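Undergrad: Attaching a predicted model along with its sequence, questions to come.
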Amino acid sequence: MDLLRSLPLGLYLEQPQTWLHKIDPRVKIFWLMSFLTTYTFANNEWRLLLVVLLVLTTLLSGIPRRIWQQPQQMAGLLFLTFLVFVIGCFTPDGLGLHYQPRLPEYQVVTQSQPTPQPTPTQTPSISTPTTSNQIGSKKYTYVLFERGAFKVTRRSLDLALRISTILFTVLYSSNLYLITTAPEEITAALEDLMQPLKMLKLPITEVTLTLTLSLRFIPLVLEEIQNLIRAIMTRAINWKKIGFKGAAKIWLTVTERLFDNLFLRAEQMASAITVRGFTSPDQHRVQWHDFKLKPRDWLAILLLILFWGARIVYGNDVS
């Protein structure tokens, strides 16, 4: 059991450095926000296109197969969303109505019979007006599939597509961003983008510093949890023998020890900052990244503009 390597979502991939790693984190933030917002009021074709774009980006980025084939990564999310799609299709759509033909039964029977064609020796009679069902080549059906208790309607299929595609887009786009962007790059990009808020006297630098320390503290928390779980496993405790009260007492002791270790780590981190003479973020700034847009970043911005143009022209839900 290794929590540091089996983190379900958001584990930064240091090696290999793909072309997604090298794109400016500010540009990647705008791409992430675009994926998280363009599915709103969009048609199902656009939602499916977002899923296809995310899958193709992963395959073409050079991310190792062992990463995106893990159950917690793209393969697992695809299976989860497909399961949600199947469940949504066979779930009642909530309308609570039974679809019936719009025409009376005798008209349906009359229109279903073929119209007799006159022979060359017969005089053609006065033609009867044709109905819309005779003209149209497609027949509308609200119920797409029905076998016993299983029924798929147009509304249930639409809802299933919406839920499954949104679930995959939200989870995997965020995961892909965290995989290819270091925590320091994320906080530095957020600080750079939030610079106009300093006009409102907001402590932008303090907020980003706190976020940076929080992100760096997450691996320490996982390490402490992992060490405590391994310590319990090596003692081979018979949980059935000690009963519920004994198990609760052990887990309370473990939780207390966990918080003690975390507070100790936090105190050590604060002491390390104090020893280095750090008094305020404005006076002791450490510039990790010098953001400069490169040709690949301008290309990503151009593609982002085209992406939004396609969303405005073709992605609107007209229903």
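TA: Done, it's in. Everything numeric here is computed off the predicted structure, so don't read it as measured data.

Undergrad: what about this protein, any weak spots by pLDDT?
TA: For the chain, residues meeting the criterion pLDDT under 70 lie at 1-10, 70-72, 94-138, 279-290, 318-319.

Undergrad: What residues of the helix or strand encompassing N175 count as buried?
TA: When secondary structure is defined by DSSP states H and E, N175 falls within helix 154-180. Applying a neighbour-count criterion of 16 or more other Cβ atoms under 10 Å, one finds 156-169, 171-173, 175-180 buried in helix 154-180. All C-beta atoms are positioned from the backbone trio N, CA, C, and that covers glycine.

Undergrad: Stretch 241-261 now?
TA: Across stretch 241-261, burial judged by 16+ other Cβ under 10 Å covers N261.

Undergrad: roughly how far is that stretch from the heart of the chain?
TA: In this view, stretch 241-261 has its centroid 36 Å away from the chain centroid, taken as Cα atoms, centre = their mean, to the nearest Å.

Undergrad: burial of the nearest residue to L159 once chain neighbours are set aside, as a residue count?
TA: Take L159 and drop its neighbours on the chain: the residue closest to it by Cβ to Cβ, 6 or more residues apart in numbering is G88, 5.6 Å away. Using other Cβ atoms under 10 Å as the criterion, G88 is surrounded by 19 other residues.

Undergrad: same question, T210
TA: T210: 13 surrounding residues under other Cβ under 10 Å.

Undergrad: Make sure I have this right: it is in a helix.
TA: Yes: according to DSSP: H, G, I helix; E, B strand; the rest coil, T210 belongs to a helix.

Undergrad: so V84 makes contact with I163?
TA: Yes: taking Cβ atoms under 8 Å as the definition, V84 is a contact partner of I163 at 5.9 Å.

Undergrad: Stretch 308-319: which residues count as buried?
TA: Neighbour count says stretch 308-319 has 311, 315 buried, by 16+ other Cβ under 10 Å.

Undergrad: what does that stretch rub up against?
TA: Surrounding stretch 308-319, the residues in contact under the criterion Cβ atoms under 8 Å, 6 or more residues apart in numbering are 34, 38, 41-43, 45-46, 49.

Undergrad: nearest to L303, of those residues?
TA: The shortest approach to L303 among these belongs to S34, at 10.3 Å (Cβ to Cβ).

Undergrad: For burial, what's the neighbour tally of the nearest residue to F168 once chain neighbours are set aside?
TA: Spatial nearest neighbour of F168, excluding adjacent residues (Cβ to Cβ, 6+ apart): T81 at 4.3 Å. T81 is flanked by 21 other residues according to other Cβ under 10 Å.

Undergrad: Kindly report the same for E191.
TA: Counted with other Cβ under 10 Å, the burial measure for E191 works out to 18 neighbours.

Undergrad: tell me the contacts of it?
TA: Residues counted as contacts of E191 (Cβ under 8 Å, 6+ apart) are 204-205, 208.

Undergrad: what angle sits between the helix or strand encompassing V51 and helix 154-180?
TA: In this structure, V51 is located in helix 44-61 according to DSSP H and E. Following axes from the mean of the first three to the mean of the last three Cα atoms, to 10 degrees, one obtains 30 degrees for the angle between helix 44-61 and helix 154-180.

Undergrad: helices or strands up against helix 44-61?
TA: Using 3 or more Cβ pairs under 8 Å, 6 or more residues apart in numbering; DSSP states H and E as the contact criterion, the elements in contact with helix 44-61 are helix 19-22, helix 74-90, helix 154-180, helix 295-314.
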